[in-house]
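# Okay, predicted coordinates and the sequence, questions at the end:
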Amino acid sequence: MAEPAVKLEGDWQAIGSVVGTASHAAFSFVLKNYRGRVGDVVAVRMRIPSDEAGTEKDSVVWGRVTGISRFNPFFPTEAALELAGENLRPSDTVLSTTRDQVQADCIVLGYTLPGDPTYEFRPLTYPVEPASTVLRPPASALSGLLTGPAGAKEAEVPIGHVASRPDVNVNLRVGPLISRHMAILAMTGGGKTVAARTIIHDLAEKGYPVLILDPHGDYLGFYDNRLKLPKGSSVRVFFPHISLSPENSGIVPVILEKMTAGQTEAQRSALEQLLKDNPITTGHTLGEYFGLLRGKAAQKANSEGGAGQSKASLFVIMRQLSIVEAKLREMGRMNESIRERIRNVEFEQLPDSHRAPSQIISPNQVSILYLGGYDHLTQSTIVSIVLENLFGHRARLDDEIPPFLTVVEEAHNFIPGGTESQEETPSLETLRKVITEGRKFGTGLLLVSQRPSRLDATLLSQCNTFMVMRLVNPNDQNFVRRVMENMSDEDAALLPAFGPGSGIVSGQAVRFPLVVNVDRHQEFESSRMGQEDFLTEAANWEPPRSAAKARESDARQAKRARRRQKRSN
């Protein structure tokens with residue numbers, strides 16, 4: 001075995017030797033006890049063919065440990081069965097219990113040239129040499145491999161550290177993150193929102209505009225701790241107030257059909273004529289426009305001019321408009337009721353995303369659109385209208401707003417796959433446009449979901465960076481493996497075993513797939529969410545006075561009914 005000519009700088013610790021059959025893609029090595037863990041990045045010094053035929057060159061081959069097995073050749077299965085049958089302990093025999101062999105399996109990441117300060121990564125096309133020494137790289141070398149040398153780096157945001165190396169930080173390249181989209185996937189409690197908060201925090205520190213679509217209030221901690229952001233930063237929390245425009249008028253019949261029993265052909269024709277006669281003018285809210293249509297439908301049904309129309313169809317449309325108006329009012333009241341219970345947050349009415357987009361998207365501003373209280377269809381409609389308008393400003397290059405990142409929490413509700421269609425989820429088509437064209441206009445997406453298998457696979461595959469954390473559901477695991485082309489079987493086997501905040505990050509924002517532990521910015525977690533003490537609340541609960549009065553009234557009515565029955569008998 002030829003000795004490498006160039007000496008490596010730093011403390012490269014020998015932790016094992018390559019054994020068995022090795023290839024250009026994978027190798028195994030016997031690991032010194034307790035010197036490594038799954039997820040470790042290791043290195044092998046070896047000679048490989050150079051570009052000139054017949055010549056060689058030094059290389060540092062990098063690998064990642066994907067699995068570790070342990071066995072004792074001096075403690076055979078037969079001996080274990082006999083000990084169990086005789087109820088003996090190994091220490092009562094001459095069998096050795098201290099000569100375990102630990103074998104680690106690695107996938108090859110690529111190679112670099114010794115002493116290359118740029119750590120240029122190249123694919124390995126020659127098998128790893130058996131009996132080579134496997135090295136644990138020092139933090140400086142591994143950091144250089146991950147991010148390149150100081151002074152040559154592009155903008156990055158820190159996300160955490162290599163899972164097995166707390167001394168080695170992991171950063172995400174900002175360019176691919178904000179323009180080529182990212183997805184964070186994990187089951188509930190896996191740490192996906194923690195990871196999203198970390199990215200939002202780091203982008204906010206750089207002054208990059210962020211819009212968060214927040215169905216549950218998971219991100220209100222940014223408002224609570226807004227003073228901890230850099231000077232000049234602002235956090236604004238909005239509640240829905242949707243202004244219609246001619247560009248999104250197609251959403252009106254969709255809402256009317258999905259929030260009611262739908263229409264017959266005659267009723268649909270009457271509605272189309274009603275919409276044609278009463279076009280949307282910019283500034284109408286959903287509720288206002290439905291009220292306008294209902295009034296116009298009543299006039300038409302009761303007028304002589306409406307005699308040629310099917311009055312029955314118009315009356316059905318009127319009832320449906322009334323139903324939708326009532327539902328929108330009720331959901332608005334529910335959102336308001338929830339907001340009243342969230343203290344110390346200044347909620348603002350959402351500005352018109354068509355006429356005043358800079359109130360929503362602005363440098364050094366984190367905007368949170370709180371969607372609590374609204375049903376799935378209405379949330380999807382709100383998101384569709386807002387993003388359609390904001391994306392339109394960027395696509396027209398009218399300089400109304402700067403580039404921005406949209407965080408889509410509960411993304412499976414806004415870009416569903418399977419049997420759910422665009423008509424049932426208006427945001428699907430809008431987000432499809434953003435995810436396929438947004439790179440050209442600076443409108444990036446960060447998708448966050450605990451149900452990956454419910455996401456649209458085609459759209460999810462457009463994300464160029466993934467962070468996959470704990471997933472136990474087999475359907476979710478299989479779905480992620482189909483979407484992520486570079487996820488190996490070994491990496492997929494890690495998914496159900498990850499602890500909170502741990503996961504695999506891969507894609508264009510990093511140089512190669514890594515197992516990481518995400519930094520947790522606890523100061524930006526909302527104290528209102530996840531700390532509810534429902535046991536104490538139930539123990540101290542008392543019925544409202546209105547409920548007590550209702551029971552008393554019911555009791556009096558029942559008593560009077562019994563008296564009447566006695567008199568009749």
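It's in. Note that the structure is predicted; figures quoted are calculated from it, not measured. Residues are numbered from 1 along each chain as shown.

# Poorly predicted segments of this protein, please.
Counting by pLDDT under 70, the low-confidence segments of the chain come to 1-7, 91-92, 94-98, 148-153, 304-309, 419-423, 526-533, 545-551, 569.

# Any idea which residue is closest to the centre of it?
Centroid-nearest residue in the chain, with Cα atoms, centre = their mean: Val448, separated by 1.4 Å.

# Give the helix, strand or coil label for it.
strand (DSSP: H, G, I helix; E, B strand; the rest coil).

# and the gap between it and Ala561?
56 Å (Cβ to Cβ, to the nearest Å). Any C-beta I mention is one placed from the backbone N, CA and C, and that applies to glycine too.

# repeat for Leu145
83 Å.

# Which of these two has more residues huddled nearby?
Leu145 (21 against 10; other Cβ atoms under 10 Å).

# now the more buried one: how far from Val170?
To Val170, Leu145 is 11 Å away according to Cβ to Cβ.

# now the helices for the stretch 301-450 of the chain?
Taking DSSP state H, counting those that start in this stretch as the criterion, the stretch 301-450 of the chain contains helices spanning 311-341, 376-395, 427-441.

# Export these as JSON lines, with columns for distance to Asn33.
JSON lines is the format used below for these (distance: least, Cβ to Cβ, whole Å):
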{"stretch": "helix 311-341", "distance to Asn33": "55"}
{"stretch": "helix 376-395", "distance to Asn33": "53"}
{"stretch": "helix 427-441", "distance to Asn33": "48"}
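
# right, so of the ones you listed, which gets closest to His24?
helix 427-441 (33.0 Å; Cβ to Cβ).

# still on that earlier bit, out of the helices of the stretch 301-450 of the chain, which one sits most buried?
Highest mean neighbour count among the helices of the stretch 301-450 of the chain (mean count of other Cβ atoms under 10 Å): helix 376-395, with a mean of 22.

# which other helices and strands contact it?
Packing contacts for helix 376-395, counted by 3 or more Cβ pairs under 8 Å, 6 or more residues apart in numbering; DSSP states H and E, involve helix 251-258, strand 404-408, helix 427-441, strand 443-449.

# quick one: that helix to helix 311-341, angle?
80 degrees (axes from the mean of the first three to the mean of the last three Cα atoms, to 10 degrees).

# so which helix or strand takes in Asn486?
Taking DSSP states H and E as the definition, one finds Asn486 inside no helix or strand.

# What of Phe29?
Assigned by DSSP H and E, Phe29 falls in strand 26-31.

# in its sheet, what does that strand sit against?
Taking DSSP bridges as the criterion, strand 26-31 forms sheet pairs with strand 13-19 (antiparallel), strand 101-112 (antiparallel).

# Each with direction, which strands does whichever helix or strand comes after it pair with?
For strand 26-31, the following helix or strand on the C-terminal side (DSSP H and E) is strand 41-49. Sheet partners assigned to strand 41-49 using DSSP bridges are listed as strand 56-71 (antiparallel), strand 133-136 (antiparallel).

# how far out from the middle of the chain is the first one?
Okay, so that is strand 56-71. Put simply, strand 56-71 sits 32 Å off its chain's centre (Cα atoms, centre = their mean, to the nearest Å).

# buried residues in that strand?
Lys57, Asp58, Ser59, Val60, Val61, Trp62, Gly63, Arg64, Val65, Thr66 (16 or more other Cβ atoms under 10 Å).

# got a list of contacts for the next helix or strand after that strand?
Downstream of strand 56-71, the first helix or strand assigned by DSSP H and E is helix 77-86. With Cβ atoms under 8 Å, 6 or more residues apart in numbering as the test, helix 77-86 has contacts from Leu88, Arg89, Pro90, Thr93, Leu95.

# Scan these and report the most crowded one.
Busiest of the contacts of helix 77-86 [other Cβ under 10 Å] is Leu95, holding 17 neighbours.

# Okay, domains of the chain per the record?
13-147, 172-242+350-524, 246-330 (automatic domain parsing).

# Could you look over those and pick the most buried one?
Scoring those by mean count of other Cβ under 10 Å, the most buried comes out as domain 172-242+350-524, with a mean of 20.

# How about Val102: what's its closest non-neighbour residue?
Using Cβ to Cβ, 6 or more residues apart in numbering and skipping residues adjacent in sequence, the residue nearest Val102 is Leu31, 4.4 Å away.

# Isn't the one you found up against Ser17?
No - the pair Leu31 and Ser17 does not pass the contact test of Cβ atoms under 8 Å, sitting 9.2 Å apart.

# what touches both of these two?
Val134.

# Residues contacting stretch 182-193, please?
176, 195-196, 199, 218-219, 409, 411, 444-450, 452, 460, 463-473, 476, 480, 498, 500-503, 507, 509, 518.

# from those, which ones fall inside helices?
Pro176, Ala195, Ala196, Ile199, Leu460, Asp476, Val480 (DSSP state H).
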